[in-house]
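> Need coordinates for the following:
(2 chains)
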Amino acid sequence: MMMRAFGHVLAFCAAMLTPTTLTAQEWITLSSTTSVENSGLFDHVLPIFTRDTGIEVRVVTQGTGQALETARRGDADVVLVHARELEEQFVAEGYGVARHDVMSNEFVIIGPATDPANLREARTAAEAMRSIAQARLRFVSRGDDSGTHIAEQRLWAEAGIVPVGRQYLSTGSGMGAALNIAVQLDAHVLSDRGTWLSFANRGDHDILFEGDPALFNPYGIILVNPDRHPHVRAAEGRVFIDWMLSPAGQEAIGGFRIGPSRPFIPVRREAR
Amino acid sequence: MDGPFVTALDLILRADSVLMQIIGLSLRVTLSAVAIACLIGLPLGAGLALTRFPGRGAVIVLFNALMGLPPVVAGLAVYLLLSRSGPLGALDLLFTPSAMILAQTVLILPIVVSLTRSVVEDLWTEYGDQLLSLGADRARAMPTLLWDGRVSLLTGVLAGFGRASAEVGAVLIVGGNIAGHTRTMTTAITLETTRGNLDLAIALGIVLLGLTLTLNALAWSIGQWARVQLG
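Numbers count the residues shown, from 1 in each chain, chains lettered A, B, ... in the order given. Next up is the predicted model:
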């Protein structure tokens, strides 16, 4: 009797854990970055894709490093991230099928609107970073191997500065969380334009430096290699990538606006 | 912005469909986890109280210690278990509500087991001889003792519910905070905070608190009613 009761308990537990949303709809898991999610781009683009194709896209948001790691483990079908070297390495190691340029935006340097380090006068991004360090002002780093973090490290290297010390805060947080910290601490921070434009808690902060080609931020889209992970929904994943690169997808990206601004520039010239 | 309280009230009064879906999922995940944890934890805790075996002390200490398990560690363990590269990857459960239920069950189970053990042990010390003299053995005494301790046990179950409904670390890792699929109250609050929508985040927090208050009030009232009805 004890055993049978135990059997019932197990059956009940199994029933609880079985997915109840067994819809006929096809879906893929997209591993992407906080900069894209926080900007609101997916809320604009994905419903159009699902309407056109019937495929649902389930977005898991992580920093670029973690997003690629999730895909490496086979826990995503497609990745959309922004750290070209890591993406090319991911493909070269056989985890991804191919990398496609899909869109871009640019990084901007955010800081207190009073501009204590005179960043508005700077000619290059490296010079701006140097000014922050020389004025011994606080800088909030993502510190999470995200695309933005990698870009920030590249800028410090170009500026010839090793960012250490009490004014350099490595926070290990997403883009929005890092902005929250920077606003509270009167600090500078490197952000992508999209997240900043949609960010609602700006305090007295503003864009202090922008426009250097070194701040170009390209996004790549990659199908996880089904040879490596046979369960990958490759067919649906290909449909998604093809659509994102098609005129329809590119126009959807180009049509995303925050107020008057367009945070993401599609790669296709006609869609710009 | 009208401030968080007005926003919270507005969300509830409009019965915002996204919010309702998020609340529904949060309740489904947490209540399922509580139910599973009780089904396993009540007999296990009572068994632990009534039996003697070598290493029993170590098991008790282990369950007591696991009450302090950080949710993010539980989440990571379940993630590695369910990941496609993990031992249970073929089940395809990662980033689903089922994965979240599993992670929360891991979090709540130690609370239910430890509290049940403590309650039943005390009752056994008090009534054990009496029950034995009435001809009951330890196994048959178990349901009686669990029933006698129901009021104290309810507090433990509510503590488990509180831990599950309040945590964000585990469900974020194993659920992925996917909109319309695995987004719960706590992961939605995290997301809105990172978007800088602090008013909306606090409003969601108020809704979550209201929900927890309602459920606790309900449980307390049932306890009181039962006490009056059953003496």
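
> Please make it C-alpha for all contacts and neighbour counts, starting now.
OK.

> how about the biggest helix by length in chain B: buried residues?
Longest helix of chain B, by residue count under DSSP state H: helix B:97-133. Buried residues in helix B:97-133, defined by neighbour count with 16 or more other CA atoms under 10 Å in any protein chain shown: B:97-121, B:123-124, B:128, B:131.

> and after the lowest-mean-pLDDT helix or strand in chain A, which helix or strand comes next?
None of the helices or strands of chain A scores lower by mean pLDDT, DSSP states H and E than helix A:2-17, at a mean of 58. Later in the chain than helix A:2-17, the nearest helix or strand by DSSP states H and E is strand A:26-32.

> hmm, back to that, just checking: which of the buried residues of helix B:97-133 also lie near chain A?
B:97-99, B:101-102 (CA under 8 Å from any CA of the partner chain).

> Specify which member of those residues is nearest to chain A.
residue B:98 (4.7 Å; CA to the nearest CA).

> now the residue of the stretch 151-272 of chain A found nearest chain B: how far from residue B:223?
At 4.1 Å from chain B, residue A:176 is the closest residue in the stretch 151-272 of chain A, using CA to the nearest CA. Distance of residue A:176 to residue B:223, given as CA to CA, to the nearest Å: 44 Å.

> what does residue B:59 give?
From residue B:59 to residue B:223 the distance is 31 Å (CA to CA).

> same question, residue A:50
Residue A:50 is 48 Å from residue B:223, where distance means CA to CA.

> Around chain A, which positions in chain B sit nearby?
B:32, B:36, B:39-40, B:83-85, B:94, B:96-99, B:101-102, B:176-179, B:181, B:191, B:193-198.

> List buried residues within the residues you listed.
Judged by 16+ other CA under 10 Å, buried ones among the residues of chain B next to chain A: B:32, B:36, B:39-40, B:83-85, B:94, B:96-99, B:101-102, B:176-179, B:181, B:191, B:193-198.

> In chain B, which residue sits nearest chain A?
residue B:194 (4.1 Å).

> Quick check: chain neighbours aside, which residue is closest to that residue?
Among residues not flanking residue B:194 along the chain, residue A:176 sits closest, at 4.1 Å (CA to CA, 6 or more residues apart in numbering or on different chains).

> distance between the host helix or strand of the one you found and the chain's centre?
Counting by DSSP H and E, the element that carries residue A:176 is helix A:175-184. What separates the centre of helix A:175-184 from the centre of its chain is 16 Å, taken as CA atoms, centre = their mean, to the nearest Å.

> Past the worst-scoring helix or strand of chain B on mean pLDDT, which element shows up next along the chain?
Ranked by mean pLDDT, DSSP H and E, the helix or strand of chain B with the weakest confidence is helix B:4-13, at a mean of 84. Using DSSP H and E, the helix or strand that follows helix B:4-13 in sequence is helix B:17-50.

> Tell me the helix or strand right after that following helix.
From helix B:17-50, the next helix or strand downstream (DSSP H and E) is helix B:56-66.

> What angle do helix B:97-133 and that next one make with each other?
Calculated by axes from the mean of the first three to the mean of the last three CA atoms, to 10 degrees, helix B:56-66 forms an angle of 140 degrees with helix B:97-133.

> Show me which positions of the following helix or strand past helix B:56-66 end up buried.
Per DSSP H and E, the first helix or strand lying C-terminal to helix B:56-66 is helix B:71-82. Neighbour-count burial for helix B:71-82 flags B:71-72, B:74-82 (criterion: 16+ other CA under 10 Å).

> low-confidence ranges in chain A?
Chain A contains residues with pLDDT under 70 at A:1-24.

> And residue A:75, how far from residue A:224?
9 Å.

> Look at the two and report which has more neighbours.
residue A:224 (32 against 27; other CA atoms under 10 Å in any protein chain shown).

> What is the subsequent helix or strand relative to the helix holding residue A:176?
strand A:188-192.

> most centrally placed residue in chain A?
Per CA atoms, centre = their mean, the C-alpha nearest to the average position across chain A is that of residue A:33, at 2.3 Å.

> list the helices and strands the longest helix of chain B packs on?
Judged by 3 or more CA pairs under 8 Å, 6 or more residues apart in numbering or on different chains; DSSP states H and E, helix B:97-133 is in contact with helix A:2-17, helix B:17-50, helix B:56-66, helix B:71-82, helix B:138-148, helix B:150-166, helix B:169-175.

> Give the other helices and strands that the third one contacts.
When contacts are defined as 3+ CA pairs under 8 Å, 6+ apart, helix B:56-66 sits against helix B:97-133.

> Same question for the second one.
Contact analysis of helix B:17-50 by 3+ CA pairs under 8 Å, 6+ apart lists helix A:2-17, helix B:97-133, helix B:138-148, helix B:150-166, helix B:185-194 as its packing neighbours.

> now the fifth one
In terms of contacts (3+ CA pairs under 8 Å, 6+ apart), helix B:138-148 is packed against helix B:17-50, helix B:97-133.

> tell me the average confidence for it?
In this model, helix B:138-148 has an average pLDDT of 88.

> Tell me which of the helices and strands packed on helix B:97-133 sits most buried.
Across the helices and strands packed on helix B:97-133, averaging neighbours per residue (mean count of other CA atoms under 10 Å in any protein chain shown) puts helix B:169-175 on top, at a mean of 26.

> who's in contact with that one?
With CA atoms under 8 Å, 6 or more residues apart in numbering or on different chains as the test, helix B:169-175 has contacts from B:71-76, B:78-79, B:94-97, B:99-100, B:103-104, B:177, B:182-183, B:187.

> Could you do stretch A:238-249 as well?
With CA under 8 Å, 6+ apart, stretch A:238-249 has contacts from A:45, A:49, A:102, A:221-223, A:250, A:268, A:271.

> same thing but at 7 Å, please
Outside stretch A:238-249, the residues that touch it by CA atoms under 7 Å, 6 or more residues apart in numbering or on different chains are A:102, A:221, A:223, A:250, A:271.

> Can you flag which of the residues you listed belong to helices?
residue A:250.

> just to revisit the earlier point, can you lay out the helices and strands packed on helix B:138-148 as a markdown table showing distance to residue B:149 and mean pLDDT?
Converted to a markdown table, those look like this (distance: least, CA to CA, whole Å; pLDDT from 0 to 100):
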| stretch | distance to residue B:149 | mean pLDDT |
| --- | --- | --- |
| helix B:17-50 | 11 | 95 |
| helix B:97-133 | 6 | 94 |
